[in-house]
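Enquirer: here's my sequence, what's the structure:
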Amino acid sequence: MNVSPRTAQYPKYAKHPSYLLPRPPAPAVPAPVAAPAPAPVPRTVRAERRGPVLHVELDSPGTGNAVTTAMLDELLDVLADPDPDVRVVVLSGAGPDFCLGGDRDEFAAALGEDPTGGGVRSYGGKARRVCEALTNSPAVTIARVQGRATGAGFALALACDLRVGADSAVFRLPELALGLPVAWGGLLPRLLNEVGAARVREIILTGRRVGAEEARDLSILQRVVPAQDLDRAVEEWARPITRRPEASLRVTKTLLNSHAAATRLADASALDAELMASVLAAAHYTRGLEAPSGA
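Expert: Down below sits the predicted model:
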């Protein structure tokens, strides 16, 4: 019998020939299954550049374009670092309404996570930065308003330089009825400056609706047109503005903002986020005290 080198070197293999048999192949190791990619987070803001005009659309029509933290982050991404070649920014809302205000469900969730109001405070700070980005943008900002502009939606529209509304547009500040202060994005000083204290006081305290024609009379809107003519009205404003020299346009807008700010005497809008967080946190705490034991 021929002795293999393996048997000669290791005599035990001669007693156990099975050791000489080829070993069965190792079971195949299945290739690791790649984890499914996380579903993309749906965006709530759509931006499209058309030459020197940037169109920014609140794109959550299923919620009435309710302003969430995610929407504010997306707006800041688009507005906070403007392209110097953009001369006009058009702000609009998808669906039947421009914007129905802040997302109250998100407020409730934020208070549940941090009853001191830290999440609401962060949200309020972002809201102020978005409105300042619209007001202080070197580009001319135009609000294109249809349907309802409520609370935060009112504030976003008012932060723009020019505002055109459909004849069906309706503005409202229901904050008092909801147990909230009128403290969103610096709305109050802008509204006082544009409209006047006596009329603003009545609108806020009653929470009534302001229709398009009255909004134009109060300078909340500068122009009212049929809904089908909104895009044409925006174009009629944007076309001549895009032809203005960039430097003179930027300086002129800065002058207009500076003189408008001077007439406010004092701008306490820096306190908006703190006021909103404090009021909501206090209400959340009070509800907790009033809840029956064991609830």
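Enquirer: give me the below-cutoff pLDDT ranges for the stretch 151-295 of the chain.
Expert: 262-295 (pLDDT under 70).
Enquirer: strands of the stretch 101-250 of the chain, residue ranges please.
Expert: Assigned by DSSP state E, counting those that start in this stretch, the stretch 101-250 of the chain shows strands spanning 140-145, 148-150, 162-166, 170-172, 210-211, 223-225.
Enquirer: so who does the closest residue to residue 134 other than its chain neighbours touch?
Expert: Spatially, and ignoring its direct neighbours in sequence, residue 134 is nearest to residue 159 (4.1 Å; Cβ to Cβ, 6 or more residues apart in numbering). Where you see a C-beta, it was placed from the backbone N, CA and C, and this is true even at glycine. Taking Cβ atoms under 8 Å, 6 or more residues apart in numbering, we find residue 159 in contact with 130-132, 134-135, 141, 143, 185-186, 190.
Enquirer: in TSV, list these along with neighbour count and distance to residue 172.
Expert: TSV is the format used below for these (neighbours: other Cβ atoms under 10 Å; distance: Cβ to Cβ, whole Å):
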residue	neighbour count	distance to residue 172
130	26	20
131	25	18
132	16	23
134	25	20
135	19	21
141	24	22
143	28	16
185	30	16
186	23	18
190	21	16
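Enquirer: tabulate the residues you listed (CSV), appending distance to residue 124.
Expert: As requested, these are exported to CSV (distance: Cβ to Cβ, whole Å):
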residue, distance to residue 124
130, 11
131, 11
132, 13
134, 16
135, 17
141, 21
143, 21
185, 8
186, 10
190, 16
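Enquirer: of those residues, which is the nearest to residue 120?
Expert: The closest of those to residue 120 turns out to be residue 185 (Cβ to Cβ; 13.5 Å).
Enquirer: how about the nearest residue to the closest one once chain neighbours are set aside, what does it touch?
Expert: Leaving aside its chain neighbours, residue 185 sits nearest to residue 131 (3.6 Å; criterion: Cβ to Cβ, 6+ apart). If you count contacts by Cβ under 8 Å, 6+ apart, residue 131 has them with 155-156, 159, 185-187, 190.
Enquirer: TSV for the residues you listed, including distance to residue 233?
Expert: Formatted as TSV, the contacts of residue 131 follow (distance: Cβ to Cβ, whole Å):
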residue	distance to residue 233
155	22
156	18
159	19
185	25
186	26
187	24
190	22
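Enquirer: secondary structure element holding residue 95?
Expert: Of the helices and strands defined by DSSP states H and E, none includes residue 95.
Enquirer: number of nearby residues for residue 44?
Expert: By other Cβ atoms under 10 Å, the residues close to residue 44 number 21.
Enquirer: perfect, that will be all.
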